[in-house]
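Chemist: Can you look at this prediction? I've put the sequence above it.
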Amino acid sequence: MSSSDTTNEQPGAGGLGADAKRICVYLGGNRGREQRYIDEARTLGRLMAESRIGLVYGGARVGLMGVLARTVLDHGGAVTGVVPRQLSYQDLALDSLSELHEVDTMHERKHLMQSLAHACLALPGGFGTLEEMFEALTWSQRPLELHEKPCVFLNIDGYYDHLFEFLEHAAARGLLLPENRALARQAPTAATALRMIRKAWADEEAAMLQVMRAYEQ
């Protein structure tokens, strides 16, 4: 943790151990006009808490962000928020978080959120949601390959259909490598998204075991 980062923590909140899995979720600071987005955010929060998967997010109490965080907490889960010190963002922060990090810049915020999580998930959102998710995808693409964390869009009622049409458009014109295009995954429901992420984790662990066994031989 850098010197520009401070942490407020409630010990034992959510009961997650040091080796517990966490998902960084990007989503709207507004609720939007569709009840379905709110319902899926609540479903995701409940499922994460029940599965003992921690939430890492932008720390806000408003919009879909607040809906998700409160739901995780209401079901006994752990929530880590990361907020910037500048301006008055702290006024928007949820005050009942399991853990709160304050950083100096937005870049530090995104980097810390990434470092604390084992997967990235995007619910419906606007500029911020897209920018953060695409930065995570950029870091994972070849030739950078700074991480191998699964990145999934929760494509509720086709919210991201046009986005995936654009990705196909870019890939068809040779501006997005097929293997990098495949990094952006989608799921129609929270339950499906979590199954997809957990399978990716299981596949990664199996691959690591295979490498270790080969090395031992």
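Modeler: Ah, there it is.
Chemist: Next, residue 206: secondary structure please.
Modeler: Under the three-state scheme (DSSP: H, G, I helix; E, B strand; the rest coil), residue 206 adopts helix.
Chemist: can you list the weak-confidence ranges in the chain?
Modeler: Per-residue confidence of the chain (counting by pLDDT under 70) places the weak regions at 1-15, 18, 87-90, 217.
Chemist: where along it do the helices fall?
Modeler: For the chain, helices defined by DSSP state H occupy the ranges 35-50, 63-74, 106-116, 127-140, 161-172, 178-181, 190-216.
Chemist: Deepest-packed of these, please.
Modeler: helix 63-74 (a mean of 23; mean count of other Cβ atoms under 10 Å). Backbone N, C-alpha and C define where each C-beta goes, glycine included.
Chemist: From the chain's centroid, how far away is that helix?
Modeler: Shown here is helix 63-74, whose average C-alpha point lies 14 Å from the average C-alpha point of the whole chain (Cα atoms, centre = their mean, to the nearest Å).
Chemist: Need the residues that contact it.
Modeler: 25, 27-32, 37-38, 41-42, 44-46, 48-49, 55, 57-61, 78-79, 81, 94, 96-98, 123-125 (Cβ atoms under 8 Å, 6 or more residues apart in numbering).
Chemist: rerun at 6 Å
Modeler: The set of residues that contact helix 63-74 without belonging to it, under Cβ atoms under 6 Å, 6 or more residues apart in numbering, is 27-31, 38, 41-42, 45-46, 48-49, 55, 57-58, 79, 94, 123.
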